[in-house]
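**Q** sequence and predicted structure below; questions after.
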Amino acid sequence: MDLVKVSKQQLQVMRDDEWISLLTEVSSFCTTHDIPILNMNEIFVVSGRPQRNTQQNTNLYHYHVELFYTVIDMQLQELNNCFSEANTDLLLCMACLNSSNSFVAFDKEKLICLAKFYPSNFLGTDILALDSQLQNYIFDMRNNDLFSELQGVSEFAEKVSEHREA
């Protein structure tokens, strides 16, 4: 979730402060490779469309506002749609199930919160019992050599499955 947050922040910084540096870098690349550079103050011409009755914008406006801002805003919107507050909370709660480093990420309160995302599976009394069950569970996991070297939820699931079959 930290990476999502950083990505959002970086996109916002790019949107707010990086246009000039991008334009400079693109211009430098074009100059180096003998690619013609548009005059950014000229009127942007939409190819294949009649020129009358269309709003006239400069190349600078088109590339800066209509493309650069639009693409970044679409990326930010996509991240916001995929990682809403509820989704973020759910993922943070699920991260507590990570078995690596002797369950160092284990957080009983977040796991109880995770159970509350599934009210049809956990009645109010089940959630009260879950508090002590989770305390016993983590004590058992941290003191059981079978689970001491696991590196993720998939390894944990495999180990539990093997142990159940034995």
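**A** Arrived safely, thanks for sending. Residues are numbered from 1 along each chain as shown.

**Q** which SSE is Met40 in?
**A** Secondary structure assignment for Met40, by DSSP states H and E: no helix or strand.

**Q** separation between it and Phe68?
**A** Remark: distance between Met40 and Phe68 (Cβ to Cβ, to the nearest Å) = 12 Å. No exception for glycine: its C-beta is placed from N, CA and C like everyone else's.

**Q** same check on Gln55?
**A** Taking Cβ to Cβ, one finds Gln55 at 18 Å from Phe68.

**Q** what comes up buried for stretch 41-49?
**A** Buried residues in stretch 41-49, defined by neighbour count with 16 or more other Cβ atoms under 10 Å: Phe44.

**Q** quick check: domain ranges of this structure?
**A** 2-82, 85-165 (automatic domain parsing).

**Q** quick one: terminal-to-terminal distance for the first one?
**A** It stands for domain 2-82. With Cα to Cα, to the nearest Å as the measure, domain 2-82 spans 14 Å from end to end.

**Q** and that domain, how far out from the chain middle?
**A** Its chain's average C-alpha position is 23 Å from that of domain 2-82, according to Cα atoms, centre = their mean, to the nearest Å.

**Q** I figured Cys93 was touching Leu114, is that so?
**A** Yes - Cys93 lies in contact with Leu114 (Cβ atoms under 8 Å); the separation is 3.7 Å.

**Q** neighbour count winner among Gln55 and Phe68?
**A** Phe68 (17 against 6; other Cβ atoms under 10 Å).

**Q** hang on, that one packs against Ile20?
**A** No - Phe68 is beyond contact range of Ile20, at 11.0 Å (criterion: Cβ under 8 Å).

**Q** so for Ser102, what's the pLDDT?
**A** Residue-level confidence at Ser102 comes out at 65, pLDDT.
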